[in-house]
Structures are given as C-alpha cells and as structure tokens.
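> can't give you the sequence, but here's the structure:
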C-alpha cells in the first residue's frame, strides 16, 4: 500500500517525471506486481537479494545518467509528494545552477499535539560533533515551520533531488553504506566539490516512517546498521583520533 500511494503521488505531480523506476530489493510481498498492474508505465529493476539502500538507489541513478536526464529524484516507497513539490524543487535547482542536491520540507503522517502534522525535516545542519545534526523543529508541530528555501548541510535520502551533472562529478551514493549515512556522505562530497545543498521549504512531502534515526525502541538490526554506518562515515571523513 505504501508503494502504491507513493507512485500515485508521483503520477499526480504537476511535473510528471520522464521515467519512473522502481528498484526492488528482493521483496516477498507482491508489492511490485501490484504496482505494475496499476501503473503499467513504470520500469522495474528486480534484484535477487537485498543489496541495501544505497546500492539499489544507484541502479536507478545509473539508468538516469545513461539517458541524459538533467535530474533524478530518489523517493522512498513510504514517502509521498504533494502535487507541486517536484515542480518547485526543479524550479529552485534551475534558478541555482550550482545546486547539486535539493530536498523539501517533510512531514510525518503522525500528528503533533496541536493537530498539525509533526515535522520531520526542514533542513539539517552539521553540529560540532559529526554524528550530531541540527534539525530545527523536528518532532514538533509543522504549523509555524520554515517556509522559504535555504541552503543546508544535509538533505535526507527519503526525498532527494540530484542534478545529474553533479553526480557525474562526485559519484553517486557510496554503496558500502548498506543503510543510513549514505545521504550525509553524498552531501558532504557534493559540498567539498563546490556544489550547493538546498531545502525547498515552500513545498512538502510526507514520510510514513516507523523508525527514525532518533526513535526510541528501534529494532536491534536497525541499530546495528546505524552503528556500522556511523563508524564508516567517521572513518571516511575524519582523522582517526577525532573519529
């Protein structure tokens, strides 16, 4: 159901993508077959095993690079676009030709105490410790959150618009990150190469997430992946004593 809702939001966008690719990491629930029945124009890449988030995303990115498109949007199967979101993100990227990565304000499907959707993301910035991020308003009501585009340090991978010329220069996601931190790693490499990172807070997307990076009671396998990816990120970007 998540995948069908996600695809429906993509095809309802005011700016409909030239191609929609579903990369399947060996799912066993029949979701891809259901998606093909409802959306016959999607392309499907079926992996025989679970290759991880970064590696699967890279398969879609490689198809885009090979076809000469200007942008590629990475979108989690449990995320949905509003009708104007993709159009606004592309407009922002066009207006800022050095914007290599663009995100959008992201709302939870859960509600804050005041009845408004809880805020998940409206930009993320580095803190003095590399493991920490400053994410203003996360978990609180989205009612008074930021509403204008701004430069940020990180865009999260659940909804990430990439300029393909920037990806050709810096490389795509590092597939050694099975899950988590691959998005932070890419943004850091983009920034080091002189590309800008933006959040378009004029528009929103929703993300139905059961286990955020800060969630209490996270399943042990998720914490194992988070710890492994955090260690890899630190060792890749920082000298050993600091890491």
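Structure received. Bear in mind that the values here come from a model prediction, so they are computed numbers and not experimental data.

> low pLDDT regions in this structure?
In the predicted model of the chain, residues 130, 210-217, 242-243 satisfy pLDDT under 70.

> what about the helices in it?
2-11, 31-38, 53-66, 85-95, 164-170, 182-192, 220-237 (DSSP state H).

> which residue packs closest to the residue nearest to the spatial centre of the chain, ignoring adjacent ones?
Centroid check for the chain by CA atoms, centre = their mean gives residue 157 as the closest residue, at 2.1 Å. Closest residue in space to residue 157, ignoring its immediate chain neighbours: residue 183 at 3.6 Å, by CB to CB, 6 or more residues apart in numbering. Bear in mind the C-beta positions are built from the backbone N, C-alpha and C, glycine included.

> so the one you found sits against residue 155, correct?
Yes - here residue 183 reaches residue 155: they are 6.7 Å apart, a contact under CB atoms under 8 Å.

> next, count neighbours for residue 37.
9 (other CB atoms under 10 Å).

> could you measure residue 197 against residue 22, distance?
26 Å (CB to CB, to the nearest Å).

> with neighbour numbers in mind, choose between those two.
The neighbour count for residue 197 versus residue 22, taken as other CB under 10 Å, is higher for residue 197 (23 against 20).

> list the contacts for the residue nearest to residue 154 when sequence neighbours are not counted?
Excluding its sequence neighbours, the residue lying closest to residue 154 (CB to CB, 6+ apart) is residue 124, at 4.0 Å. Shown in contact with residue 124 (CB atoms under 8 Å, 6 or more residues apart in numbering): 133-135, 152-156.

> surely residue 133 meets residue 152?
No - checked against CB under 8 Å, the pair residue 133 and residue 152 is beyond contact range at 10.0 Å.
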